[in-house]
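K.L.:
My questions are about this predicted structure, shown below with the sequence.
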Amino acid sequence: MILMSNTPVLQIKNLKTYFYSRDSVVKAVDGVNMEVHSGRITALIGGSGSGKSVMSRSVMGLIDKPGKIVDGEIWLNGRDLRLLSEKEMRKVRGKEIAMIFQEPAAAMNPVVKIKDHLFEAVHTHDRKARRKDKMPAFREVLLGVGLRDPDKILESYPFELSGGMCQRVMVAMGIVANAGVLIADEPTSSLDLTTQISILEELMSLRDAGIAIILITHDLGVVAQTADDMYVMKDGKIIESGTVREVFAAPKHPYTRYLMEPVHVEELR
Amino acid sequence: MSDSGNMVEVKGLSKAYGQRRQEKYAVYNVSFAICKGEILGLVGESGCGKSTLGRLLLRLERPTKGEIYFDGQDITGYSFTEMRKIRDRMQMIFQSSANAFNPYYTVRQIISEPVMNYRKTDAGERDALMTEMLEKVGLDSSYLNRYSHELSGGQRQRVGIARALILGPDFVVCDEAVSSIDFVLKKQILKILAEQKKKNGFTYLFISHDMAAVKAVCDRIMVMYLGNIMEILPEAEAKALHPYTQALLAAVLEPDPNVKREKKILFKESGELAIPEAGCVFWPRCLYATETCMHRSPELREIYDGHFVACHYMKNKRTLEENA
């Protein structure tokens, strides 16, 4: 447990998401407890298939059949998201909690311009919004995520941008409706090292601006250099948690220790 | 010509794509050699021509210019049939194992295909060979009847490795073989590759943008930028001299919260990577670029023992020390 004086902005209690097939049940998320605080980056780390992504999709209410959230509570801004209807949930998504996906190019519609992607993110929550009025705000948000020529970007299609630029646009879409919680699902896994750094720096400056960020990754370097708190996930369960410094200084679970053990160079040569 | 102990040697190799007037070079005037029994790492950002170079060495692409020697033979002009005769000595492990297999094939069919093409065996011998290979990569014969979609990503990647290694090739190109998999499997797969090298003296070209993996297994590291070789490090731990290599290495995140990353700008950001009209390919992003860099392109020169750098300001060891 992480001891913090302020209350967490997002609190997940005993979350269970199962997937049903004809003759078996896969417990993708099996009793997860987690706290996310404003102005901190909370890393969720685990191997592939450990349930990291299912867990974040559960929070966003994006679990479809045959999957089902069978138990647990997801408290965001004083409400349990599990009790909301799909219509109410739609108001929460993007406005209070937003998500950026692993493959930026695949997450955007190739025949929709960047300005319309951004407008869609706003328009979903503010039906009276006019595209023209919003343009200065879009320019500002694009500048904010480090895109230097916002006018050109707004008129571009996703395929005209590089992977790193697409990912910045994704971050911009996440924050354009002023969401207080941002879930970043492997935001840099498909990007070059050099681009990775600049995206992570954007996330860190958002954190410094008071946004709560959940950073899902399988890269320990990313966790060590950017995150404040961390949760280690394995087989649908949280096996270790704490501040990044605590866990790195003294990993307790054998799996965490295995993760942190570097590849032995001599052994391999 | 070269029977010195080089598995692969290329001279002035170039590959251009596109129509006559708008040719774009993916690989430009590249010369290097891979010694027998060595793992040469090839790193660079996406789009720098790493994969194209790997495919050129196996003649999966036809070079525009230059020569390729494989174990001393000039294979540049080999026809399809001539290449086919030596294909069992060179193999490739593909980046996305999900797309590298026929979805209608079982693991048995996937792995036995190269054996049936190149070795005279009966079904029993093949099965024994396949079981042995699967065990080497940490699987067993129970996987033979599965389809590739029934395997996890890591298992599939290992089947890809089994397929590439079953003929006992001399030279293997690993194109981002560990980039898309998680760290637990990454360790396992690096171990398998290193073991095979130690036991059987395989030669590898290890293409990756994962600097940590490259440093862990490679004997030498070659750095590419926009189709050109920028630097060849004589060993994994050698000090990088080229500004581009330094920038790449500085972008590696240390898995230790106590090591604070220096917030230093190492090179200028540019929206798109375009080859400049003249001069060094890296000058538009280089922090140290001068007038000379904009007009004259530097050659890849040996600075000292096996350490090659393509930069005007790395003339000899003395200037290096002054720069440092």
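P.N.:
The structure has been received and is ready for your questions.
K.L.:
low pLDDT regions in the stretch 101-250 of chain B?
P.N.:
Judged by pLDDT under 70, the stretch 101-250 of chain B has its weakly predicted residues at B:180.
K.L.:
Residue of it nearest chain A, please.
P.N.:
When scored by Cβ to the nearest Cβ, the stretch 101-250 of chain B has B:Ala194 as its residue closest to chain A, at 4.0 Å. C-betas here are computed from N, CA, C, even on glycine.
K.L.:
In the sheet, which residues pair with the residue most central in space within chain B? Tell me.
P.N.:
In chain B, the C-alpha closest to the average C-alpha coordinate belongs to B:Ile207, at a distance of 2.7 Å (Cα atoms, centre = their mean). Here B:Ile207 shows beta-bridge partners B:Leu42, B:Asp175, assigned using DSSP bridges.
K.L.:
ok, it touching B:Val178?
P.N.:
No - taking contact to mean Cβ atoms under 8 Å, the distance of 10.4 Å between B:Ile207 and B:Val178 leaves them out of contact.
K.L.:
All the helices of the stretch 51-200 of chain B, residue numbers only.
P.N.:
In order along the chain, the stretch 51-200 of chain B carries the following helices (DSSP state H, counting those that start in this stretch): B:80-86, B:97-100, B:107-118, B:123-136, B:153-165, B:183-200.
K.L.:
Which residue would be the closest one in the stretch 151-300 of chain B to chain A?
P.N.:
Sorted by distance to chain A under Cβ to the nearest Cβ, the residues of the stretch 151-300 of chain B start with B:Leu253, at 3.1 Å.
K.L.:
Excluding sequence neighbours, find me the nearest residue to that residue.
P.N.:
Spatial nearest neighbour of B:Leu253, chain neighbours left out: A:Gly221 (3.1 Å); criterion: Cβ to Cβ, 6 or more residues apart in numbering or on different chains.
K.L.:
ok, now B:Lys186?
P.N.:
In space, B:Lys186 comes closest to B:Val178 once its chain neighbours are excluded; the distance is 4.7 Å by Cβ to Cβ, 6+ apart.
K.L.:
Now do the one you found against B:Ile192, distance only.
P.N.:
Counting by Cβ to Cβ, to the nearest Å, the gap between B:Val178 and B:Ile192 amounts to 10 Å.
K.L.:
what about the two, which has more around it?
P.N.:
Neighbour count, other Cβ atoms under 10 Å in any protein chain shown: between B:Val178 and B:Ile192, B:Val178 has more, with 26 against 19.
K.L.:
mind listing what that one touches?
P.N.:
B:157, B:185-186, B:189-190, B:208, B:210, B:213 (Cβ atoms under 8 Å, 6 or more residues apart in numbering or on different chains).
K.L.:
I'd like the residues you listed as CSV, with distance to B:Thr245 and neighbour count appended.
P.N.:
Converted to CSV, the contacts of B:Val178 look like this (distance: Cβ to Cβ, whole Å; neighbours: other Cβ atoms under 10 Å in any protein chain shown):
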residue, distance to B:Thr245, neighbour count
B:Gln157, 28, 28
B:Leu185, 28, 20
B:Lys186, 23, 23
B:Ile189, 25, 24
B:Leu190, 22, 23
B:Ser208, 15, 22
B:Asp210, 15, 19
B:Ala213, 16, 25
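K.L.:
what's the closest residue to A:Gly39 other than its chain neighbours sitting at in phi/psi?
P.N.:
Distance criterion Cβ to Cβ, 6+ apart; nearest residue to A:Gly39, sequence neighbours excluded, is A:Gly210 at 4.9 Å. In terms of degrees, to the nearest 10, the main-chain angles of A:Gly210 are phi 100, psi 10.
K.L.:
I'd assumed A:Pro104 was in contact with A:Cys166.
P.N.:
Yes - using Cβ under 8 Å, A:Cys166 and A:Pro104 qualify as a contacting pair, with a distance of 3.7 Å.
K.L.:
Which residues of chain A lie near chain B?
P.N.:
With the criterion set to Cβ under 8 Å from any Cβ of the partner chain, chain A comes near chain B through A:47-49, A:148-149, A:162-163, A:165, A:192-198, A:218-225, A:244-245, A:248, A:258-260, A:262-263, A:265, A:267-269.
K.L.:
Give me the contacts around stretch A:105-112.
P.N.:
Residues beyond stretch A:105-112 that count as contacts (Cβ under 8 Å, 6+ apart) turn out to be A:101, A:117, A:120, A:157-159, A:163, A:166, A:169-170.
K.L.:
Pick the one among the residues you listed closest to B:Asp74.
P.N.:
When the contacts of stretch A:105-112 are compared for distance to B:Asp74 (Cβ to Cβ), A:Gly163 wins out at 37.9 Å.
K.L.:
With distance to B:Ile39 as extra columns, can I get the contacts of B:Val178 in CSV?
P.N.:
Listed next are the contacts of B:Val178 as CSV, based on distance: Cβ to Cβ, whole Å:
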residue, distance to B:Ile39
B:Gln157, 18
B:Leu185, 19
B:Lys186, 15
B:Ile189, 13
B:Leu190, 10
B:Ser208, 11
B:Asp210, 14
B:Ala213, 11
